[in-house]
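**Q** here is a sequence with its predicted model. Questions after.
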Amino acid sequence: MKRNAIAFFLTLGFTLPLLSLNATASSPVFPESTPQLQPLSSEANQLETTTNTQIALTETSDTTPTQFWWLQGVSVNQIKAKLKEGYRIIDLEVESTSPYRFSAAMVKNQGAYAKKWWWYYGITSETLKEKLSQNRARIIDLQVYRVNGKKRYAVVLVSNTASEAKAWWYYTDLSFNDIMAKAKDNQARIVDLDTYVVGGKRLFSAVMIKNTGADRKAWWVYSNKSPSFISSKLKENKARLIDIERRGNNTFTVVMERSQGQRWWWYYGKTAAQVNQLWQQNGARIFDVEPYTVNGNKRFAVLMLDN
């Protein structure tokens, strides 16, 4: 077990006005093909390429040791401070909007994890499309939320060029069945899934990539399931989780894929202190964090990989 990880968490911060920020930590890479916006029934973006591709989302699968960081209940200012130290965000959760507070997981933007990347929050659908086109990027983490009834996005993007280029799509404000239908139609697999309620209606957002070539994997999605059900499916499918979302009282929506033999862990209902104990105990890094409240107390569901 490798134990050279470095991670901490922060709980307090300063209040900043609504902003859209970006962070770039590597040299620009120019694409060998141009993103093509596809006018589908919901928001979507697809890039087709003939280049040799790298496996998508090393953040959720690579066990190459790296420094990492996780934060909870922090301001934009505190996130920016960590980014200046050479980290990049791989998972971002909006905890509140007035003031803005976040949870996040980060890796050192170097070696196997080095990417040109950006992050934004509080942006509209139109702005998101502009940023995707301007940066020649794709989404690796997407959260949809409302501010005073208006739809807003928090996103993490990476360059979708050269060997990193993928055919991909994103959708928001769809039903679970509609999301799964989109994956089938696109011959894609879901790599990021969120769920939320608007006007009493349960909705979902998703990011998916073409399930082909180096990215081809067996995968499964289960919604509103108990931990015992999830555990049984992990065993049955010989799988591991790559995304977890709290759905209700001790139920979760999860994305799993066939395990490639990585050591990994998942937990729910943990305090921040317990999360810190667990990653240190396992010699792991956190790649997905889901904050939620139980009886007025803050709890976390987390996914970890061997580090």
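**A** Yes, it's here.
**Q** where does this protein have low pLDDT?
**A** The chain contains residues with pLDDT under 70 at 1-56.
**Q** for it, which segments count as helices?
**A** Taking DSSP state H as the test, the helices found in the chain are 76-83, 125-135, 176-186, 227-237, 272-282.
**Q** residues of the third one that come out buried?
**A** Going back to what we said before, that points to helix 176-186. F176, I179, M180, K182, A183, N186 (16 or more other C-beta atoms under 10 Å). Quick note: C-beta positions are derived from backbone N, CA and C, even for glycine.
**Q** from T60, how far off is the closest residue to the fourth one other than its chain neighbours?
**A** Translated: K182. Spatial nearest neighbour of K182, excluding adjacent residues (C-beta to C-beta, 6 or more residues apart in numbering): Y171 at 5.6 Å. Going from Y171 to T60 by C-beta to C-beta, to the nearest Å gives 19 Å.
**Q** try W118
**A** Distance from W118 to T60, by C-beta to C-beta: 19 Å.
**Q** need the winner for burial among the helices of the chain.
**A** Mean neighbours per residue, mean count of other C-beta atoms under 10 Å, is largest over those for helix 76-83, with a mean of 19.
**Q** mind checking how far that helix is from the chain centre?
**A** How far helix 76-83 lies from its chain's middle: 18 Å, per C-alpha atoms, centre = their mean, to the nearest Å.
**Q** please apply the same query to stretch 221-241.
**A** Distance, centroid of stretch 221-241 to centroid of chain: 19 Å (C-alpha atoms, centre = their mean).
**Q** endpoints of it, how far apart?
**A** Chord length of stretch 221-241, first to last residue, is 10 Å (C-alpha to C-alpha, to the nearest Å).
**Q** one more: stretch 289-307?
**A** This stretch, stretch 289-307, spans 16 Å end to end (C-alpha to C-alpha).
**Q** the residue nearest to K182 contacts L203, correct?
**A** No - look at Y171 against L203 with C-beta atoms under 8 Å: they stay out of range, at 10.2 Å.
**Q** the two: which is more packed in?
**A** Taking neighbours as other C-beta atoms under 10 Å, Y171 and L203 compare with Y171 leading, 22 against 18.
**Q** so the spatially most central residue of the chain bridges to which residues?
**A** Using C-alpha atoms, centre = their mean, the residue of the chain that lies closest to the mean C-alpha position is D141, 3.4 Å off. For D141, the beta-bridge partners under DSSP bridges are V156.
**Q** what sits against it?
**A** Neighbour list for D141: I89, I90, D91, L92, V155, V156, D192, V207 [criterion: C-beta atoms under 8 Å, 6 or more residues apart in numbering].
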